[in-house]
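**Q** sharing a model prediction with you, sequence too.
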Amino acid sequence: MKNILSIITLGCLAAIAATAGAQGYRPGTGITDIMRAGPRLGPPAARPSTTPPAAPVQRSAEFIVALVNSEPITNTDVQSRVTRLIKENPDAERVPRGELTRLVLERLITERAQLQLAKENGIKVDEVAIDQAEQTVARQNEISLVELRRRVAAEGIAQQDFRNDLRDQLLLTRLRDREVESKVKVSDAEADEYLRDQRNQSVKNVALENLNLAQVLVAVPENATDAQIAAAQKKAQDIAQRARAGEDFAKLVRENSDSPDRANGGAIGMRSADRYPSLFVEATQSTAVNGIAGPVRSSAGFHVLKVLAKAQIGSGDATVTQTQVRHILLLNDPKRTTAQAVAQLAEFKRRIQAGSADFAGLARDNSQDGSAKQGGDLGWSRPGQFVPEFEEAMDRLSPGQISDPVVSRFGVHLIQVVARRDSKLSQSEQREAARAALREQRVEEAFTTWVQEVRARAYVEYRDPPQS
């Protein structure tokens, strides 16, 4: 992410202009019975701010600009969102202010209608899920939770407002999963046709390529001085030079990297190019396997990249990094709060690590999932197979390691990675990968249509136009 505002603003101006608010949430893919993939944590919906106005001028400009099924959207709601959008995306300033304000208002109306529908459907998000979402945001920005909260405050956003934004995004994710994702199906014949189309492409498309990259991250502190930036850059350049000279990259990672994937030798895993940061893909596009790229600069610091593998999706030699994983799932239950489920799974983890219990045995006796009979074993999975909250936690584990309890839209999981391997996909596995990719496209289309339908059903009364 460019900065912390990626979590609290509209995201891409182009998406707003193209759809007037219908886009912005990127669906994932999945094939298991209880872990259908869903959207990654994206730009949250707006709420009436709980932060007091900073000056009398703002108070005098406060008024209702629209009602959505009798719920008000105020001028402050609109102007706060416009300000955040411009901060994150300077291109927004090129759009006439009146047009930008109109697009933002339409986005807010659409979001408010969806949140109302989530409430009507009894969809809820508790504090434990918000806590974990906040921790995920910090990890994605490669900063501590304390630093995340400091940056949020530095942007003039109250902590409770930020958590409310996260709550709304989780609500929208769960609503979309119920109303859209569960209804999209792809047949074997359609998946096979998709595979044939990929194989018949004569022009190589990097977006259809699988990559496995490893990285050394030399972190740059927030508000770093020019001297600190120069020192970090020089360190990264020295590491890149040593790697190109033949030093063991995994050793360089262990000794120098500031990234959480340090324990895995910096390897991020075999996955499609669109699941990597675009600057990583661009930096390695012309780099051969085992070649070194960088350093490249991101908001987190300087990255030295090694290309571990490349493979064209749909080709006979397509490979991915597979993870053998097992879990214990406690479903969302009116008789047991999320906090109680977290406490129970934390106790299971303590017992397993103390040697007084076995993971597989606890899974067979307690897991509320079809995998319980197999001791919680979910088999060998590929990237994108599980919902993002599950996969994000799984990817941080080394073989043999057990996660802390993880909250997902299905309940609370205790996850253990058994092993990892880079493997060529069988024909059936390639079909499943094709099914997932095709399903993702269809979910995008279905979601856009569904959002438009929700917006059309809402009663919207416009009041005075927003004013800056």
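**A** Alright, I've got the coordinates.

**Q** helices or strands up against the helix or strand encompassing residue 67?
**A** Using DSSP states H and E, residue 67 maps to strand 64-68. Counting contacts by 3 or more Cβ pairs under 8 Å, 6 or more residues apart in numbering; DSSP states H and E, the secondary-structure elements packed against strand 64-68 are strand 71-74, helix 75-88, helix 97-120, strand 460-462. Where C-beta positions appear, they are placed from N, C-alpha and C, glycine not excepted.

**Q** figure out which of those is closest to residue 219.
**A** Comparing these by their distance to residue 219 (Cβ to Cβ), the top pick is helix 75-88, with 21.7 Å.

**Q** quick one: buried residues of the strand holding residue 67?
**A** Judged by neighbour count using 16 or more other Cβ atoms under 10 Å, the buried positions of strand 64-68 are 65-68.

**Q** which residues touch it?
**A** Here strand 64-68 makes contact (Cβ atoms under 8 Å, 6 or more residues apart in numbering) with 72-75, 77-78, 105, 108-109, 112-113, 116, 458-466.

**Q** quick check: pLDDT value at residue 348.
**A** Reading off the per-residue confidence, residue 348 sits at a pLDDT of 95.

**Q** can you check residue 458 too?
**A** At residue 458, the pLDDT value in this model is 90.

**Q** who's in contact with the residue lying closest to it once chain neighbours are set aside?
**A** Across the structure, with Cβ to Cβ, 6 or more residues apart in numbering as the measure, the residue nearest residue 458 apart from its sequence neighbours is residue 113 (4.0 Å). The contact partners of residue 113, taken as Cβ under 8 Å, 6+ apart, are 68-69, 454-455, 457-458.

**Q** which ChimeraX command selects the buried ones in these?
**A** The buried subset of those, as determined by 16+ other Cβ under 10 Å, is captured in ChimeraX by this line:
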select :68,454,455,458
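
**Q** circling back: now restrict the contacts of strand 64-68 to buried residues only.
**A** Burial of the contacts of strand 64-68 was assessed by neighbour count (16+ other Cβ under 10 Å); the buried members are 73-75, 77-78, 105, 108-109, 112-113, 116, 458, 460, 466.

**Q** going by distance to residue 294, which of these wins?
**A** Checking those against residue 294 by Cβ to Cβ gives residue 108 as the nearest, at 40.0 Å.

**Q** could you check how far that closest one is from residue 447?
**A** Counting by Cβ to Cβ, to the nearest Å, the gap between residue 108 and residue 447 amounts to 18 Å.

**Q** can you put the helices and strands packed on strand 64-68 in JSON lines and add distance to residue 268?
**A** As requested, the helices and strands packed on strand 64-68 are arranged in JSON lines below (distance: least, Cβ to Cβ, whole Å):
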{"stretch": "strand 71-74", "distance to residue 268": "41"}
{"stretch": "helix 75-88", "distance to residue 268": "25"}
{"stretch": "helix 97-120", "distance to residue 268": "32"}
{"stretch": "strand 460-462", "distance to residue 268": "44"}
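
**Q** which one of those lies nearest to residue 288?
**A** Relative to residue 288, the nearest member of the helices and strands packed on strand 64-68 by Cβ to Cβ is helix 75-88, separated by 35.4 Å.
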